[in-house]
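[1] Structure here, sequence nowhere to be found:
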């Protein structure tokens with residue numbers, strides 16, 4: 001099955017096309033706040049590189065966040081539009097889960113941390129289940145590093161597995177969390193290369209696994225996973 005996946009939850013836009021878990025084409029580029037200008041051209045480039053058309057795609061996958069409010073809305077609207085137009089099933093996957101899927105879960109706990117701005121992080125903790133599925137231990141949440149450390153310490157309590165941090169959170173946000181977990185006796189392992197953003201290839205693999213389990217999402221019900229409310233001010237009445 002051809003799976004077209006996009007994630008625009010961070011400043012790096014990622015698009016990939018997979019066939020049975022094999023990457024046919026993948027593109028990742030730092031686009032900052034220009035997802036609206038770059039997403040469709042990047043999808044077209046990936047399809048062209050693979051030598052297929054959108055009509056050949058059997059499953060669409062989209063990263064649901066948390067992350068950039070604008071990026072999430074653009075990706076979901078684009079993929080919903082393609083799903084409706086082509087009558088192609090769509091599966092949404094949380095972007096923190098996507099980070100975990102790309103970080104070699106076996107024998108370790110993966111802690112994705114994304115920069116949530118305001119000196120906060122978006123975070124979660126995941127392990128691997130007996131069948132290779134991702135098991136959520138904590139999250140998703142947003143918090144200052146101190147509160148994030150408390151949540152993760154509670155989630156990892158009594159678990160002997162080492163942990164690895166992935167994602168784009170800056171050292172000033174990551175280091176206090178690592179230090180808190182290490183003081184509690186948890187072994188910290190270095191992150192694998194390329195684990196600082198949600199890769200569309202990892203998203204495609206997880207989306208296909210979910211699709212084979214339960215089918216596609218209800219297009220009317222699937223929504224971005226914001227975690228934190230957007231910064232808006234309602235007009236006075």
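    Happy to help now that I have it. Bear in mind that the values here come from a model prediction, so they are computed numbers and not experimental data. Residues are numbered from 1 along each chain as shown.
[2] Could you chop this protein up by domain?
    Split into domains by automatic domain parsing, the chain comes to 2-95+197-214, 103-189.
[3] Can you list the buried residues in stretch 175-194?
    Across stretch 175-194, burial judged by 16 or more other CB atoms under 10 Å covers 177-178, 180-181, 186, 191. (C-beta placed from N, C-alpha, C; glycine too.)
[4] Let me have the residues you listed in CSV, extended by distance to residue 130, secondary structure and pLDDT.
    Converted to CSV, those look like this (distance: CB to CB, whole Å; DSSP: H, G, I helix; E, B strand; the rest coil; pLDDT from 0 to 100):
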residue, distance to residue 130, secondary structure, pLDDT
177, 28, helix, 98
178, 28, helix, 98
180, 29, helix, 98
181, 25, helix, 98
186, 22, coil, 98
191, 25, coil, 92
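[5] circling back to that earlier point, between the domains of the chain, which one is nearest to residue 220?
    Nearest to residue 220 among the domains of the chain is domain 2-95+197-214 (9.2 Å), distances taken as CB to CB.
[6] what about the closest one, distance to the chain center?
    Centre-to-centre, domain 2-95+197-214 and its host chain are 11 Å apart (CA atoms, centre = their mean, to the nearest Å).
[7] what distance separates the start and the end of that domain?
    End-to-end distance for domain 2-95+197-214, by CA to CA, to the nearest Å: 18 Å.
[8] now that domain: mean pLDDT?
    Mean pLDDT, domain 2-95+197-214: 95.
[9] just to revisit the earlier point, ok, the buried residues of stretch 175-194 vs residue 107, which is closest?
    For the buried residues of stretch 175-194, the minimum distance to residue 107 (CB to CB) is 13.8 Å, reached by residue 186.
[10] what comes up buried for the top helix by length along the chain?
    Longest helix of the chain, by residue count under DSSP state H: helix 69-86. Neighbour-count burial for helix 69-86 flags 69, 71-76, 78-80, 82-83 (criterion: 16+ other CB under 10 Å).
[11] which is the next helix or strand following that helix?
    The first helix or strand that comes after helix 69-86 along the chain, using DSSP states H and E, is strand 90-93.
[12] what's downstream of that next one, the next helix or strand?
    Sequence order places helix 95-101 as the next helix or strand after strand 90-93, per DSSP H and E.
[13] Just checking: what are the partner strands of the helix or strand just after that following helix?
    Per DSSP H and E, the first helix or strand lying C-terminal to helix 95-101 is strand 109-117. Using DSSP bridges, the strands paired with strand 109-117 are strand 120-128 (antiparallel), strand 163-166 (parallel).
[14] Would you mind giving those strands as TSV with distance to residue 114, mean pLDDT and mean neighbour count added?
    Below are the strands paired with strand 109-117 laid out as TSV (distance: least, CB to CB, whole Å; pLDDT from 0 to 100; neighbours: other CB atoms under 10 Å):
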stretch	distance to residue 114	mean pLDDT	mean neighbour count
strand 120-128	4	97	24
strand 163-166	9	97	22
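[15] Thank you, goodbye.
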